[in-house]
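> sharing a model prediction with you, sequence too.
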Amino acid sequence: MTIRIDYAPGRLPAFWDRSVVFFANMLALFYGNEGATEELASTVGGIETYGGRLCPVLNLLFRGGDNLLVLETPPDDDLLQYFVAELGLDLPEIAILHHERYAALCYGVRRAAGVGQRMARGSLPGDAPAGADHDPAVARIAGHSAAWLDGFVTDGMLTAVAEALGKRTVITPEISRQGNNKLLLHRFLEARGFPVFDTATAEHPADIPAAAASLREKGYRRVVVKAQVGASGIGMRRLDAVRPELDRVGEHMFYEGPCLVQGWLDGDLDGVSEVGSPSVQMFLGEESVSLYDVTEQILSSESIHEGNRAPPPYWRTLPGCEEQMRDQAEAVGRWLHDGGYRGTASADFLVVERRGRIEVRLCEINARVTGATYPSVLARRFSPEGCWLMRNLLLDPPIRGRDLLDALRRAGHLYTEKARQGVLPINFNADRAGLVRKGQFLCLGPAETTCLDLLMHAAGVLPVTWTYDRD
């Protein structure tokens with residue numbers, strides 16, 4: 001199939017013209033890797049609340065209407081009202097199904113005939129775990145008219161539910177898994193002659209010292225060990241190249257097979273200065289690949305995602321930078337498409353300058369809805385030509401969502417549909433008392449300095465203190 005490449009940073013593509021039941025299955029990101037899943041849940045607080053980021057964007061991604069979003073915890077009612085009344089957004093229907101119930105649902109699906117009819121009554125087979133029976137959310141899911149089922153990733157649990165309900169998943173578990181595999185991507189880039197990181201592989205933790213030593217001989221002081229499938233910093237360890245701390249590398253990092261051991265490119269290498277970490281936002285439809293935004297990742301000292309801004313300040317000014325990014329993004333977009341992947345994705349890069357020459361390397365592909373998808377889609381929906389900045393803010397003490405919105409509104413900083421600039425809260429991560437302990441905040445404005453000023457001014461009007469936090 002000959003596919004079309006649409007390169008139009010700042011312009012949203014025509015996303016799916018279909019309706020969907022979308023499961024916010026954050027705990028499926030590692031395809032059954034329990035060690036990685038436990039690390040994610042313990043490292044990222046309130047992981048069950050992150051699905052709420054889909055509330056304002058799901059109907060933009062799936063334009064068929066009548067969508068159902070299945071979350072683990074209820075979103076903030078005042079935030080939902082803000083999306084509708086002040087942003088003019090159309091929201092999906094929402095069902096709440098806690099992860100334990102979702103797992104029980106999948107358990108029953110895999111073990112019973114006729115489960116679709118039983119689910120339509122809101123019940124599961126008799127051999128399902130206790131407490132899984134008669135959940136009203138199950139009946140809503142089973143009775144929903146959408147023909148498609150989707151999630152952050154497509155795994156065996158999601159396809160089991162889809163098959164039982166007579167629905168289709170957008171992709172298969174195999175395609176989903178391959179699209180997020182760093183080793184397969186590295187081999188593709190190497191075979192195509194694109195610049196890659198100096199890389200060795202390790203079959204087991206005991207192989208890491210030898211791999212690190214081979215990279216130390218090339219001048220690297222640090223190496224990074226990457227699991228083939230990782231997310232949000234899980235599955236990545238930066239180690240000393242001389243004495244790598246093997247106790248930091250768990251067996252779960254080898255769940256998919258050998259790990260990559262790569263030389264860490266930074267200013268400690270002779271002649272190297274880091275420029276930035278841009279990311280190209282992508283959408284793969286049936287007959288095209290759209291490259292619709294270019295962002296700059298905001299990373300912690302451990303290279304963990306903490307936010308994004310767009311566009312990167314150097315992107316179109318450094319000689320060859322945009323061209324190299326575009327060439328590599330188009331190539332991996334075709335590769336993903338040829339492999340059967342469809343949906344949103346991001347291509348993350350590292351740009352360095354070495355002795356006056358710009359080098360662009362593709363770090364990884366995230367073939368799913370990512371932490372940059374939400375702010376990018378919203379920003380380009382409201383401000384195609386403008387700048388935007390998204391940060392995760394941890395609040396102390398936690399605050400009611402209504403009070404947070406009112407504080408921004410009174411100060412004139414809350415973004416509205418008719419505004420040219422302002423702060424748009426995407427999602428609130430609430431604690432067990434329903435108070436907002438963390439949130440994702442999108443600043444929109446005509447220039448990068450405007451976005452930074454908005455963030456600083458918002459800090460001054462909030463009745464709490466805040467710090468930046470990881471995604």
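Yep, that arrived.
> which element follows the longest helix seen in the chain toward the C-terminus?
For the chain, the helix with the greatest residue count under DSSP state H is helix 321-338. Sequence order places strand 343-354 as the next helix or strand after helix 321-338, per DSSP states H and E.
> circling back to that earlier point, give the buried residues for the longest helix of the chain.
321-322, 324-326, 328-333, 335-337 (16 or more other C-beta atoms under 10 Å). Just so you know, the C-beta spots here come from the backbone N, C-alpha and C atoms, and that holds for glycine as well.
> where do the strands sit along the stretch 101-250 of the chain?
148-151, 168-169, 199-202, 222-231, 234-240 (DSSP state E, counting those that start in this stretch).
> as JSON lines, these with mean neighbour count and distance to A191 would be great.
JSON lines is the format used below for the strands of the stretch 101-250 of the chain (neighbours: other C-beta atoms under 10 Å; distance: least, C-beta to C-beta, whole Å):
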{"stretch": "strand 148-151", "mean neighbour count": "24", "distance to A191": "31"}
{"stretch": "strand 168-169", "mean neighbour count": "18", "distance to A191": "29"}
{"stretch": "strand 199-202", "mean neighbour count": "18", "distance to A191": "13"}
{"stretch": "strand 222-231", "mean neighbour count": "24", "distance to A191": "17"}
{"stretch": "strand 234-240", "mean neighbour count": "20", "distance to A191": "23"}
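> neighbours around T317, how many?
The tally of other residues near T317 (other C-beta atoms under 10 Å) stands at 9.
> give me the phi and psi angles of it.
Per-residue torsions, T317: phi -110, psi -30 (degrees, to the nearest 10).
> could you do L54 as well?
Torsion angles at L54 (phi, psi; degrees, to the nearest 10) stand at phi -80, psi -20.
> OK, contacts around the spatially closest residue to it that is not a sequence neighbour?
The shortest distance from L54 to any non-neighbouring residue, by C-beta to C-beta, 6 or more residues apart in numbering, is to L69 (5.6 Å). By C-beta atoms under 8 Å, 6 or more residues apart in numbering, the contact list for L69 reads 22, 24, 51, 54-55, 58, 92-95.
> go again with 10 Å.
Counting by C-beta atoms under 10 Å, 6 or more residues apart in numbering, L69 touches 20-24, 51-52, 54-55, 58-59, 62, 75, 91-96.
> name the SS class of it, please.
strand (DSSP: H, G, I helix; E, B strand; the rest coil).
> measure it to A142 for me?
16 Å (C-beta to C-beta, to the nearest Å).
> number of residues surrounding E417?
Quick note: E417 (other C-beta under 10 Å) scores 11 neighbours.
> quick check: it touching E86?
Yes: if you go by C-beta atoms under 10 Å, E417 and E86 touch, sitting 6.5 Å apart.
> which neighbours do these two share?
Between them, E417 and E86 share no contacting residue, judged by C-beta under 10 Å, 6+ apart.
> what ranges in the protein fall below the confidence cut-off?
In the predicted model of the chain, residues 107-134 satisfy pLDDT under 70.
> where along it do the helices fall?
So, for the chain - with DSSP H - the helices run 34-43, 58-61, 77-85, 99-111, 115-120, 136-142, 156-165, 173-179, 182-191, 208-216, 321-338, 373-382, 401-410, 448-461.
> make JSON lines out of these and add distance to S290.
Below are the helices of the chain laid out as JSON lines (distance: least, C-beta to C-beta, whole Å):
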{"stretch": "helix 34-43", "distance to S290": "29"}
{"stretch": "helix 58-61", "distance to S290": "12"}
{"stretch": "helix 77-85", "distance to S290": "24"}
{"stretch": "helix 99-111", "distance to S290": "31"}
{"stretch": "helix 115-120", "distance to S290": "35"}
{"stretch": "helix 136-142", "distance to S290": "30"}
{"stretch": "helix 156-165", "distance to S290": "24"}
{"stretch": "helix 173-179", "distance to S290": "16"}
{"stretch": "helix 182-191", "distance to S290": "20"}
{"stretch": "helix 208-216", "distance to S290": "37"}
{"stretch": "helix 321-338", "distance to S290": "9"}
{"stretch": "helix 373-382", "distance to S290": "11"}
{"stretch": "helix 401-410", "distance to S290": "32"}
{"stretch": "helix 448-461", "distance to S290": "24"}
